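> how would this look folded up:
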Amino acid sequence: MRVAVIIPTYNEKENIETLIAQLLDLPLGIHVIVVDDNSPDGTGEIVDRLVVERTGRVSVIHRPGKLGLGTAYIAGFRKALADEQDLICTMDADFSHDPRYVPDMVAKIEQGYDLVIGSRYVPGGGTSGCTLSRKMLSWGANAFARVMLGLKAHDTSAGFRCYRSAVLAEVGLDEIKASGYSFLIEMLYRVQRRGWRVGETPIIFANRRLGASKISKGEVLKAMATVLRLAPGRLTKQSACSQRT
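Now for the predicted structure:
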C-alpha cells in the first residue's frame, strides 16, 4: 500500500530534516507531505531543498501564515487523496511522535482497522519528559471527551494517526468546524459515528526536545468547547443508525 505522512510545521527547523530522513528510511516507501505555515525560522526553505534532493518522496504545501492545525491537516489530506495514497498518516514535527511506531500503525491497519491511533493510554503506552500537571491535564481532557461523546478510543486528542484513504474521502472534511487540536477530537467523533473501525497501538509520547510547544490554554478551552458542541449529536437518530455493516 502507498503510505503518506502529513507533517504540519511552524518553526521546526531544528527537527524537520532529521524527522523526514527517519521516515524515508522506514521500509514502507513513505511519501512525506509537509504543510508549512510560513515559518519565519526557515523551515519551509529546508523542506524546499529536501523536495529537490528526495525527488518524488517529499512534497510541501506553503501557506501564507498560521491558519490552524485543522486546516493544515485538511490541506495535507486533500493532497494525499489527489495523489491516490492508500494510507494517510499524521504526526507532529517535534519528535514527540517517534517515526519507529509508523510500521506498527500500518500493520494494525492491515489487520482490518480503518483508523489507528498511536496511543499513550493503552497497555504499553505512556509519556516521557512530561510534567505531572501536563499529564493530568491530558488525562482529564481525554476522559471528558470519552464520557461526553461516547468515544471508544482512549487517546482522543492524539495527532499520531493512520487513516485509510476511504475514511478521509467520506468523513466530510468540509463539514468540520473545529480548528487547532480540537480538530482531532471532532475527526475521531465523525469516524466513529460513521461506523469505521478504530484501533490503537501503544506509543511512548516524548516531550519535545527542541523548539517551542504550540499547545496553549486557549487550545484546551477550544477542545472543551468542541466536545460540548458535539455532545448533543450522540443522541440523534443519525448517530444511532450510522454504523457500518
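
> So the residue nearest to residue 206 when sequence neighbours are not counted versus residue 141, what's the distance?
For residue 206, ignoring the flanking residues on the chain, the nearest one in space by Cβ to Cβ, 6 or more residues apart in numbering is residue 128 at 4.6 Å. C-beta here means a position set from N, CA and C on the backbone, and glycine is covered the same way. Going from residue 128 to residue 141 by Cβ to Cβ, to the nearest Å gives 19 Å.

> If you count surrounding residues, which of those two has more?
Ranked by neighbour count (other Cβ atoms under 10 Å), residue 128 and residue 141 place residue 141 first, with 19 against 10.

> Wait, that one touches residue 224, no?
Yes. Counting by Cβ atoms under 8 Å, residue 141 touches residue 224, with 7.4 Å between them.

> List the contacts of the strand or helix carrying residue 162.
Assigned by DSSP states H and E, residue 162 falls within strand 161-164. Under the criterion Cβ atoms under 8 Å, 6 or more residues apart in numbering, residues 86-91, 102, 105-106, 108-109, 114-118, 184, 191, 196 lie in contact with strand 161-164.

> So which of these are in strands?
In strands, judged by DSSP state E, the following of these are found: 87-90, 115-118.

> just these now: which is nearest residue 32?
residue 89 (9.8 Å; Cβ to Cβ).

> Just confirm the closest one contacts residue 103, I think it does.
No. Assessed by Cβ under 8 Å, residue 89 is found out of contact with residue 103, at 10.8 Å.

> between those two, who's got more neighbours?
residue 89 (30 against 15).

> who are the neighbours in contact with the more buried one?
Applying Cβ under 8 Å, 6+ apart, the residues near residue 89 are 3-6, 102, 105-106, 160-163.

> repeat that for 10 Å
The contact partners of residue 89, taken as Cβ atoms under 10 Å, 6 or more residues apart in numbering, are 3-7, 23, 28, 30, 32-33, 76, 80, 97, 99, 101-102, 105-106, 109, 116, 118, 160-163.

> How about residue 91?
5-8, 19, 23, 32, 97-99, 101-102, 105, 118, 158-162.

> now the residue nearest the centre of the chain: how far from residue 166?
When Cα atoms, centre = their mean is applied to the chain, the residue found nearest the centroid is residue 159 (3.0 Å). For residue 159, the distance to residue 166 (Cβ to Cβ) stands at 21 Å.
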